[in-house]
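In: Mind looking at a prediction? Sequence and model below.
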Amino acid sequence: MNINKKQFWEDKIIGWEDLRYDKKETNFNLFEKTVDKTNNTLLFRLNFAFKILAPLIKDKNIIELGCGSGFLAKKFIESGAKSYTGYDISENAILRAKKLIKGHNDLNKINFFAKPILQLEKFQSDFVFSLGLTDWLTDEEIDHMFNVSSKCENLHSISEKKFSFYRILHQLYVYFSYGYKTKGYSPRYLSSKKICQKLEDCTQKKTYEFRDKKLSFGMFVSTIPL
């Protein structure tokens, strides 16, 4: 695969977020817009992660990997978190994340950094979570993510490797939108059993799985009982 991952996300992330979270129809083709309207799985995923974590994070430190523009940062601080730190490969996303928190009362509690996964060092935090990040990581990157998060409680969404009409539709959209242009750089569908085993091996904690029809072919794996 001959592609600059960082440049891919610098070019894509802002328009991708605007379409899915703000519903601004910019920089996307008709097929992508049609697929987006079939469900609200990404918004459900975002809200689900917040619903699970919010009651647990009072006076706790929380890290989001693949944070994009950090849409949950202020919500977590307002829910009592001691700190929120977001990491993303895209500098464009991090710049927007910093703009979005300007003027917030607890600005000193929020930090954003542009870093690829393999450059992250061991976290000393209470919670680490990611939404959709694992789909874009290699096995090496997933292993590293779990290793640096091994002392934390973990919550991660994955796109599950199983038969699904919407997964097939998603594969088609990915291919025609950018997959063929990037010579195969596209999200992966993962085995929940494999991911849970990796997480258990790194954290030495029991893992839990959560599925919901509103997540379509997505699911959550976690060290937190859901």
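Out: That came in fine, so what should we check first?

In: Next secondary structure element downstream of whichever helix or strand M145 is part of?
Out: Per DSSP states H and E, M145 falls inside helix 139-148. Later in the chain than helix 139-148, the nearest helix or strand by DSSP H and E is strand 153-159.

In: List the strands paired with that following strand, with their directions.
Out: strand 127-130 (parallel), strand 218-222 (antiparallel) (DSSP bridges).

In: Pull the residues that contact it.
Out: Residues from elsewhere that reach strand 153-159 (C-beta atoms under 8 Å, 6 or more residues apart in numbering): 45, 49, 52-53, 56, 126-135, 146, 167, 170, 187-190, 192, 195, 199, 203, 215, 217-224. No exception for glycine: its C-beta is placed from N, CA and C like everyone else's.

In: and the helix holding M145, how far out from the chain's middle?
Out: Distance of helix 139-148 from the chain centroid (C-alpha atoms, centre = their mean, to the nearest Å) equals 14 Å.

In: neighbours around T85, how many?
Out: Neighbour count of T85, defined by other C-beta atoms under 10 Å: 20.

In: ok but it is inside a helix, no?
Out: No. Counting by DSSP: H, G, I helix; E, B strand; the rest coil, T85 falls outside a helix, being strand.

In: contacting residues around it?
Out: Counted by C-beta under 8 Å, 6+ apart, T85 has contacts 61-64, 110-113, 125.

In: Can you point out the buried residues in the helix or strand hosting W16?
Out: Using DSSP H and E, W16 sits within helix 5-20. Neighbour counts over helix 5-20 (16 or more other C-beta atoms under 10 Å) mark 5, 8-10, 12-14, 16-20 as buried.

In: Could you do stretch 92-110 as well?
Out: Those would be 92-94, 96-98, 100-101, 109-110, for stretch 92-110 by 16+ other C-beta under 10 Å.
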